[in-house]
Each structure stands twice: as structure tokens, then as C-alpha cells.
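Asks: I would like the atomic coordinates for the input below:
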Amino acid sequence: MGFLRLVEKRMESLVEGVFGRAFRKQVHPVEIAKGLTKQMDENRMVSVSRTYAPNDFTIHLSKPDSESIQAYQSALRDELIQYASTHARSKSYHLMTPPRVRFVTEDSLRFGEFGVTAKLTGGGGPRAEDAPEDTSGQTRIFRTEKTGGDDSQGGDQGTSAISAEEAKRHGLAREIVELVLESRSYPLEGRGPWSIGRSEENEIVIQNPNVSRRHARLLRSENGFLVEDSGSTNGTLLDGAPIDRERIENGDELTFGGITARFVRRMDSLSSSPGRGQGQGQDFDDSAPRKKGSGGR
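Replies: Numbering: from 1, shown residues only. The predicted model follows:
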């Protein structure tokens, strides 16, 4: 029996006895573990010499599911940490810090549904030269396949990811980052960078003769996001001031060869957003001072 399976057996033993069969219709620790490792696989980042995987996890549980694990939550956290570490070793993933796991209760989740937010964070220690920047995290919602159903036929209980449309009602906070250009929004997801220019090879294409083929880039940094001019002919402006490379914040106006765009970064509730860019989310308020138009690198 493989070591991952041994950890699964230990997690199964956590809910034996007093919980027993009742747990077959709600979230099981092994399902959480598999959702966690699925997030590790889907959000890994490949550098020159290593494959980095998320190491910071938030487990979102419905109120009844959260209450059911209170008696052994600490033990479950330890098992999930060991499960994530073992999975990383089996896949040759590099973790920038030992895994961290926390649990939160979400009133919007129903009995038998859970979410996993996976972040890649470097902590406060030294960072390898090729290490990626910290990520804001992606949340994925899972459902126990037999939730509310009849389990009299036996068999293993599994999970399935729910659709994006169905996820809207859960109300889990997520980070919305996008560049709004005229009537179109370009989502900035993943690690980046995102190139901007006239060429079709860019992630964000602006068909205007005043825009250079490779005009500028947007980059994710440890403290947020940056805009960087790529040696364009007509320059890049941040709130009307010419720049070479500057940090950008929610609501900043960027101009590429006379074409104006707006940078949007906010925390949004999936259930409160009627459409892209229309949600009443919480804007990021970066209190660190910034000198615009300095062109400093």
C-alpha cells in the first residue's frame, strides 16, 4: 500500500464510530485531500529548473460540514499537511515553504460542498532566483457526488467540480484582475506577464497604428502588479505621466500610444456579480506610497 493511501486510511479512521455512515452524505476528509492535490496539480508553475506547486491552502466548508469536523480538526489539518507534502514529493514538486492549511466556514456552501483555495507563497525567507512571485490564489468548488442521495448501493464516494455558472451562488471571495480597454475586458489570470501591442502575438492586442507591435507588458510582482514599457515608439503613460516601469493599483489609467485603458483589481463575491466588471467587490487599498511617472526600475 502506497504512503498516500496510508494517509487516506488514517483520515478515514478520524470519522469512524460516532460519525460513521452519516459522513457518507457529507464532505469526507479524503475528498478534501484529493481536492487539495488537484489544486496543486492545476496551479503548479514551471521554472527553468523546478516545478513549483501551491503550498498555502484554505478549505471552505458549509456550516454543517464545518461543525462535523470540529472534534478532530487539528488532527485533520496535520494529515492534510502530510498528504500535500507526500503528493509534492511523488510529483517532484518544489514547495517554497512547508504546506499550510486553514479551515473557514462559508454560509453560502450547501451540505456536501466544499472549496479549496490554493496559493503559492514564499513566506519571509530567502527566495530562489527562479522562484515565481506569490499568487493570489484560485478557489475551486467541489461537490460530494452522492450528496442528498441514496448510498444504499455502497461504493466509493467521490467529488466533482461544479460549473462556473453554478459557482456564482456560493459567494466565495475571489480576486478579479483585468485590463479594461474600451468595451472589452482582458482578465489577468495566472503568473503572467501579459504583453500588450499591435502584433497578434500579444496577450492583449490593440489594433492602432500609434501602438507599437510590442508596446508594453503587465507583470505580477510580490506586492501587486507592474506596468513596463517595452521600448515603444509613442511611450506608455500612467495617469498621464510617461513611465518606464511602475507599480499600478486598482483604477489606474494606462495609455498606450494614445489608447487609454483602466487597470482593475478587486476582491469580488461570485454571487454578487451580475456580469464581468460589474460586481460590487472590495477594491484593493494599497497604502504603500508610490511615486508615479518616475520611470524607476
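
Asks: for the stretch 51-200 of the chain, give me the ranges with low pLDDT.
Replies: Where the stretch 51-200 of the chain drops to pLDDT under 70, the residues are 123-130, 144-175.

Asks: residue 192 and residue 245: what is the separation?
Replies: According to C-beta to C-beta, to the nearest Å, residue 192 stands 14 Å off from residue 245. Backbone N, C-alpha and C define where each C-beta goes, glycine included.

Asks: moving C-terminal from the helix or strand encompassing residue 37, which element do we reach first?
Replies: For residue 37, the host element (DSSP states H and E) is helix 29-42. Per DSSP H and E, the first helix or strand lying C-terminal to helix 29-42 is strand 45-46.

Asks: what strands line up against that following strand, and which way round?
Replies: strand 51-52 (antiparallel) (DSSP bridges).

Asks: packing partners for the helix or strand just after the strand it pairs with?
Replies: As assigned by DSSP H and E, the chain's next helix or strand after strand 51-52 is strand 56-61. In terms of contacts (3 or more C-beta pairs under 8 Å, 6 or more residues apart in numbering; DSSP states H and E), strand 56-61 is packed against helix 29-42, helix 73-90, strand 100-105, strand 113-119, strand 138-144.

Asks: what about the helices in this protein?
Replies: Counting by DSSP state H, the chain has helices at residues 3-14, 29-42, 63-68, 73-90, 164-167.

Asks: deepest in the core, which of these is it.
Replies: Using mean count of other C-beta atoms under 10 Å, the stretch among the helices of the chain with the greatest mean number of neighbours is helix 29-42 (a mean of 21).

Asks: okay, now residue 111: neighbour count?
Replies: Neighbourhood size, residue 111 [other C-beta atoms under 10 Å]: 15.

Asks: can you tell which of the helices of the chain is closest to residue 258?
Replies: helix 164-167 (35.5 Å; C-beta to C-beta).

Asks: which residues touch residue 46?
Replies: Contact partners of residue 46, counting by C-beta atoms under 8 Å, 6 or more residues apart in numbering, are residue 52.

Asks: quickly note the distance from it to residue 94.
Replies: From residue 46 to residue 94 the distance is 10 Å (C-beta to C-beta).

Asks: next one: residue 239
Replies: In terms of C-beta to C-beta, residue 239 sits 39 Å off from residue 94.

Asks: try residue 87
Replies: 13 Å.

Asks: ok, now residue 254?
Replies: Remark: distance between residue 254 and residue 94 (C-beta to C-beta) = 34 Å.

Asks: of those two, which one has the most company?
Replies: residue 254 (23 against 17).

Asks: now for the closest residue to residue 250 other than its chain neighbours, how many residues are close by?
Replies: What sits nearest to residue 250 in space, not counting adjacent residues and going by C-beta to C-beta, 6 or more residues apart in numbering, is residue 265, at 4.4 Å. Look at residue 265: counted by other C-beta under 10 Å, it has 21 neighbours.

Asks: any idea what residue 265 is bridged to?
Replies: residue 177.
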